[in-house]
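> whatever this is, show me its structure:
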Amino acid sequence: MSYFRKLETKLTHLQELFDRAERWLIVINADPDAMASALALKRIMIHRVDDVVIARVNEITRPDNLAMARYLRIPMVKLTPTLAAQFDRFAVVDSQPHHHPSFKDLSFSLVIDHHPLVEEHPVVADYKEIRNEYGATSTIMTEYLYNLGIRPGKLLATALQFGIKTDTASFERAFHDVDMRAYRYLTKFADHTLLSRIVRSEFRLHWLDYFSRAFISMHKLGTGQYVYVGEVENPDILVVIADFFMRVHEIRWAAVCGVYHDTIVVILRGDGMGRDLGRHASLQFGDVGSAGGHRAMARAEIPLAAAEGRNVEFFIYKRLLAPRKKMRAKVEPKPDQKPEPKTEHKPDAKSPAGSVAGVESTAGQKTVQKAVPPGERKPGQKAPAALPAGTSGVLPAGTSDAMSAAPTGGTSSAPTGAPAAAVSSSVPPDGK
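Presented below is the predicted three-dimensional model:
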C-alpha cells in the first residue's frame, strides 16, 4: 500500500490553473492549520505564477498563533478591497466561501478544505477538494507536496506538523489514519525544538493577572467550577483559563466568564464524560443570547444589557445553577376525540341545608345524597356514618371511576366530626 494516495490526475488539473502571467491571492481565516496550509500552497505555486500572497481576514491574538507566524516566518497581510483588486485569481484553504462574510465578494478559483460541506452552500470553484474525513487541511497539503516530489523545508514542515497537532487536538479528537502518517512523515524534516517553543507560547505575561482574578473568584458547582474574571482585552483569555482548569484532576468541567466590550462571554470546557456542555449552554443561555457547542466544549455570548444592571458574576452563576427546561408542546386533542366536559364551580355558591353537594356522574348529571332526619327514617334504616376529616363526601354507588380517582388536592376538607350535610366537594375550574 502506498504511503499516501496517488494524485497524478488531480494534481495535473491543479497545475493547469497556474499561469506565469497571473497573480494569486491565498485568503485564510488565520489559525495554525490555515496558516500552514497557505504556506504549503504558496510553496507549490511560487514557481508557476507571477506572484502569490497570503491574506488573512481576522486579527491574530492568541500567543501561540503569534509565535507560529513569527518563528516560522509566515508572511501575511490584512485582506482589504484595495488589496484584492491587485490580483487575478483567488484561493482559499481551510475554509469555504460561505465561512466568512469577507469571502462573499471574491470569486475563488481554488478551494481546499477539510470541513464538512453544507448543502445550502455548494462550493463553486475551478478546482476544489473537500475531505471532511481528514482531521486537518495540513494533511491534504502534505499529500500534495509528497506527490509533487517537493521536500518541505524545516519551517514549512514544522508549520504543517503544528497545523495537524492543533486541529486534531494532539490526536485526541476524531482523525484519519492519513493524519497520523502525514505527521510521522513530517517528523523527518521539522524542527522539534522550534515546535515545542511554539506549543509552550500559550500565555502572555500580563495574562497572569486574569489567572489571579480567576483563582480568587472560584465557585464550586458540583463536580465543576465557575470563575469570573471581569473585563478582558480578548475572549481568547477566557479560553486559555478554561483549558487550564481542565488540567486539574478534581475538576470535571469549568465555566469561565468575562466581559468583552458590551458582551458577556462564557466559555465552558469539560471532560466529555459528564454533562453535555453544548446542550447545557443552550438551555441556560439560549433565551438571552447565542449559545451552543459540543459535548466537551461550548460557548455563550450574551449582550451586557441582558443583565439589566445586575451583578454580572452572580447573574451568570444563578443561570448556571438553576435548572432550565425546554417548554413542552401543548398536547392537542385528536380530531375524533371529544373534549372532557368541564365541571363548573362557583366559589360563592352554598350547598342547600340538609344535603351533600352534588357529584357529577359520567353522564354529566348530579347525584345528590340527602340527609334524612331521624324522625323520618324507615324501619331498619341506619344513620349515615360521619365523614372522616379531610374528605369531600361519600361517593354513591355507581359514581364514575374518573371521579373516584381524582387527586385529594382538588377537594375541600371539613373539620373532624362535622356532619355530612356541611361538606361540599371543591373542583377547581377547568378540572385543574
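
> those helices in the stretch 51-200 of the chain, which residues are they?
For the stretch 51-200 of the chain, applying DSSP state H, counting those that start in this stretch gives helices covering 63-71, 81-84, 137-147, 154-167, 177-187, 192-199.

> so where's the stretch 151-300 of the chain uncertain?
In the prediction, the stretch 151-300 of the chain carries no residues with pLDDT under 70.

> one more: the stretch 301-432 of the chain?
323-432.

> wouldn't T142 be in contact with Y185 here?
Yes - counting by CB atoms under 8 Å, T142 does reach Y185; the two are 6.5 Å apart. For glycine as for every other residue, the C-beta is placed from the backbone atoms N, C-alpha and C.

> who has more neighbours, the two?
Higher neighbour count among T142 and Y185: T142, with 29 against 22, using other CB atoms under 10 Å.

> per-residue confidence at that one?
On pLDDT, T142 comes in at 97.

> now swap in H100 and tell me
pLDDT for H100: 87.

> number of nearby residues for it?
Per other CB under 10 Å, the neighbour tally for H100 reads 16.

> and if you look at D94?
27.

> what of F4?
Using other CB under 10 Å: F4 sits among 16 other residues.

> picking that back up, need the helices of the stretch 51-200 of the chain in TSV with distance to I28, can you?
Output for the helices of the stretch 51-200 of the chain, formatted as TSV (distance: least, CB to CB, whole Å):
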stretch	distance to I28
helix 63-71	11
helix 81-84	14
helix 137-147	10
helix 154-167	11
helix 177-187	19
helix 192-199	18
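
> quick one: which of those helices is nearest V227?
helix 63-71 (20.3 Å; CB to CB).

> in the closest one, which residues are buried?
P63, D64, N65, A67, M68, A69, Y71 (16 or more other CB atoms under 10 Å).

> where does I241 fall, secondary structure wise?
helix 236-245 (DSSP states H and E).

> looking at the helices of the stretch 51-200 of the chain, which is closest to L238?
helix 63-71 (14.3 Å).

> got the angle for that closest one vs helix 154-167?
170 degrees (axes from the mean of the first three to the mean of the last three CA atoms, to 10 degrees).

> before we move on, back to that, for the helix holding I241, list the C-alpha coordinates in CSV.
Extracted C-alpha coordinates of helix 236-245, given in CSV (Å, rounded to 0.1, in the frame of the first residue of the first chain):
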residue,chain,number,x,y,z
ASP,A,236,-9.2,34.2,24.0
ILE,A,237,-8.0,34.7,27.6
LEU,A,238,-11.2,33.0,28.8
VAL,A,239,-10.4,30.0,26.6
VAL,A,240,-6.9,29.7,27.9
ILE,A,241,-8.1,29.8,31.5
ALA,A,242,-10.9,27.3,30.9
ASP,A,243,-8.4,24.9,29.3
PHE,A,244,-6.1,25.4,32.3
PHE,A,245,-8.8,24.4,34.7
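
> how many neighbours does K165 have?
22.

> ok, and the closest non-adjacent residue to H294?
Sequence neighbours aside, G278 is the residue nearest to H294 in space, at 5.1 Å (criterion: CB to CB, 6 or more residues apart in numbering).

> name the element that neighbour belongs to?
G278 belongs to helix 277-285, assigned by DSSP H and E.

> helices or strands up against that helix?
strand 263-270, strand 290-293, strand 297-303, helix 312-321 (3 or more CB pairs under 8 Å, 6 or more residues apart in numbering; DSSP states H and E).

> can you give the distance of the last one from its chain's centre?
Centre-to-centre, helix 312-321 and its host chain are 18 Å apart (CA atoms, centre = their mean, to the nearest Å).

> flag every buried residue along it.
Buried, per 16+ other CB under 10 Å, within helix 312-321: V312, E313, F315, I316, Y317, R319, L320.

> OK, contacts around L83?
Taking CB atoms under 8 Å, 6 or more residues apart in numbering, we find L83 in contact with L25, A55, V77.

> right, and the last one touches V53 too?
Okay, so that is V77. Yes - the pair V77 / V53 is scored as a contact, 6.5 Å apart, by CB under 8 Å.

> who's more crowded, those two?
V53 (18 against 11).

> got the domain ranges for this structure?
Here the domain parsing of the chain from automatic domain parsing is 8-199, 214-321.

> can I get those domains in a markdown table including distance to L205?
Shown next, in a markdown table, are these (distance: least, CB to CB, whole Å):
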| stretch | distance to L205 |
| --- | --- |
| domain 8-199 | 10 |
| domain 214-321 | 13 |
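
> out of those, flag the one nearest H206.
domain 214-321 (8.8 Å).

> distance from the chain centre to that closest one, please.
So, by CA atoms, centre = their mean, the centroid of domain 214-321 is 12 Å from its chain's centroid.

> re the thing from before, of the buried residues of helix 312-321, closest to D209?
Distances from D209 to those, taken by CB to CB, are shortest for E313, at 16.9 Å.

> what are the bridge partners for the residue nearest to the spatial centre of the chain, then?
Nearest to the geometric centre of the chain sits G292, at 1.8 Å (CA atoms, centre = their mean). Taking DSSP bridges as the rule, G292 bridges to R299.

> same thing with P303?
Where P303 sits in a bridge, its partners, by DSSP bridges, are T263.

> surely it meets D262?
Yes - if you go by CB under 8 Å, P303 and D262 touch, sitting 6.7 Å apart.

> who has more neighbours, the two?
P303 (12 against 8).

> re earlier: export the buried residues of helix 312-321 as a markdown table, with columns for distance to L41.
Shown next, in a markdown table, are the buried residues of helix 312-321 (distance: CB to CB, whole Å):
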| residue | distance to L41 |
| --- | --- |
| V312 | 44 |
| E313 | 46 |
| F315 | 46 |
| I316 | 42 |
| Y317 | 47 |
| R319 | 45 |
| L320 | 43 |
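
> just the residues you listed now: which is nearest D177?
Nearest to D177 among these, with distances taken as CB to CB, is L320, at 39.7 Å.

> what residues are up against that closest one?
L221, Y226, A255, Q284.

> distance check, the closest residue to the last one other than its chain neighbours against L221.
Using CB to CB, 6+ apart and skipping residues adjacent in sequence, the residue nearest Q284 is R319, 4.9 Å away. Plainly put, R319 is 11 Å away from L221 if you go by CB to CB, to the nearest Å.
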